[in-house]
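**Q** Predicted model, plus sequence, below.
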Amino acid sequence: MEIRPLADRLLVEIIEKEDTLAGGLLLPETAKTKSQQGCVLAIGKGRHENGERIPIDVKVDDRILFAKYAGIEIKLDGKELFILKEGEILGIVQS
């Protein structure tokens, strides 16, 4: 199945955090927190403002940082995905 986000929304795949600490200890599943980084899989065409379409600043395959409680979580083909609004993005991760 494929999802195409509308307006200023993005489809984001979560980038999982490391399961081990610096000392080599494994974190149990209950101690893990949700990652706040993801890879953009699809973007909408942008929002309408004063009769004009304003394009989204990120592009597909960008690695982004988003707010902790942002977006709507969905499961698609066994993957954890989020649908976010552009305003919930905090920044693009540069490597």
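**A** Ah, there it is.

**Q** Could you pull out the strands in this structure for me?
**A** 9-14, 37-43, 47-49, 52-54, 63-66, 72-76, 79-85, 89-92 (DSSP state E).

**Q** Could you single out the most deeply buried of the ones you listed?
**A** Mean neighbour count (mean count of other C-beta atoms under 10 Å) peaks for strand 9-14 among these, with a mean of 22. (Glycine included, C-beta is placed from N, CA and C.)

**Q** roughly how far is that one from the heart of the chain?
**A** On the basis of C-alpha atoms, centre = their mean, to the nearest Å, the separation between the geometric centre of strand 9-14 and that of its chain is 4 Å.

**Q** and the angle from it to strand 79-85?
**A** Counting by axes from the mean of the first three to the mean of the last three C-alpha atoms, to 10 degrees, strand 9-14 lies at 150 degrees to strand 79-85.

**Q** Return the list of helices and strands in contact with strand 9-14.
**A** strand 37-43, strand 63-66, strand 79-85 (3 or more C-beta pairs under 8 Å, 6 or more residues apart in numbering; DSSP states H and E).

**Q** can you pull the alpha-carbon coordinates of that strand into CSV?
**A** Backbone C-alpha positions of strand 9-14 (Å, rounded to 0.1, in the frame of the first residue of the first chain) are rendered in CSV as follows:
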residue,chain,number,x,y,z
ARG,A,9,2.1,16.9,5.6
LEU,A,10,4.9,14.4,5.4
LEU,A,11,5.2,10.6,5.7
VAL,A,12,8.2,9.8,7.9
GLU,A,13,9.9,6.5,8.8
ILE,A,14,11.3,6.5,12.3
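
**Q** partners of it, with directions?
**A** strand 37-43 (antiparallel), strand 79-85 (antiparallel) (DSSP bridges).

**Q** Residues contacting the first one, please?
**A** Looking back up the chat, that one is strand 37-43. Contacts to strand 37-43, defined as C-beta atoms under 8 Å, 6 or more residues apart in numbering, come from residues 3-5, 9-15, 56, 58-66, 81-82, 93.
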